[in-house]
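J.: Starting from these lines, generate the structure:
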Amino acid sequence: MSEHRCPVRGCTIMVPVHRLMCLAHWKDVDRPLREEVYAAYNEQPGSPRHVAAVRAAIANVEAKC
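T.: Here you go, the predicted model:
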């Protein structure tokens, strides 16, 4: 299984490639942003909308750390 490091600054947890971030950080993402990440991915993975949602989710968690 392919993995990548959780993209939240300072996190070293490896997560499956089909996950954005580790579960602990994903739970910290505000629900509307989580829903936007899912909706944008389901619409078109890698689209500008999806990339923006992913960046917003990461920034949302980092702002809380």
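J.: Please count neighbours and contacts with C-alpha atoms only from this point.
T.: OK.
J.: In contact with Val8, which residues?
T.: Met21, His25, Ile58, Val61, Glu62 (Cα atoms under 8 Å, 6 or more residues apart in numbering).
J.: what pLDDT does it get?
T.: You'll see Val8 listed with a pLDDT of 98.
J.: picking that back up, and the contacts of Val8, which of them are in helices?
T.: Taking DSSP state H as the definition of helices, the contacts of Val8 contribute His25, Ile58, Val61, Glu62.
J.: Considering the residues you listed, which possesses the most neighbours?
T.: Ile58 (22 neighbours; other Cα atoms under 10 Å).
J.: residues in contact with that one?
T.: Pro7, Val8, Val29.
J.: Dump the residues you listed into CSV; add secondary structure and distance to Ala39 as well.
T.: Below are the contacts of Ile58 laid out as CSV (DSSP: H, G, I helix; E, B strand; the rest coil; distance: Cα to Cα, whole Å):
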residue, secondary structure, distance to Ala39
Pro7, coil, 20
Val8, coil, 21
Val29, coil, 15
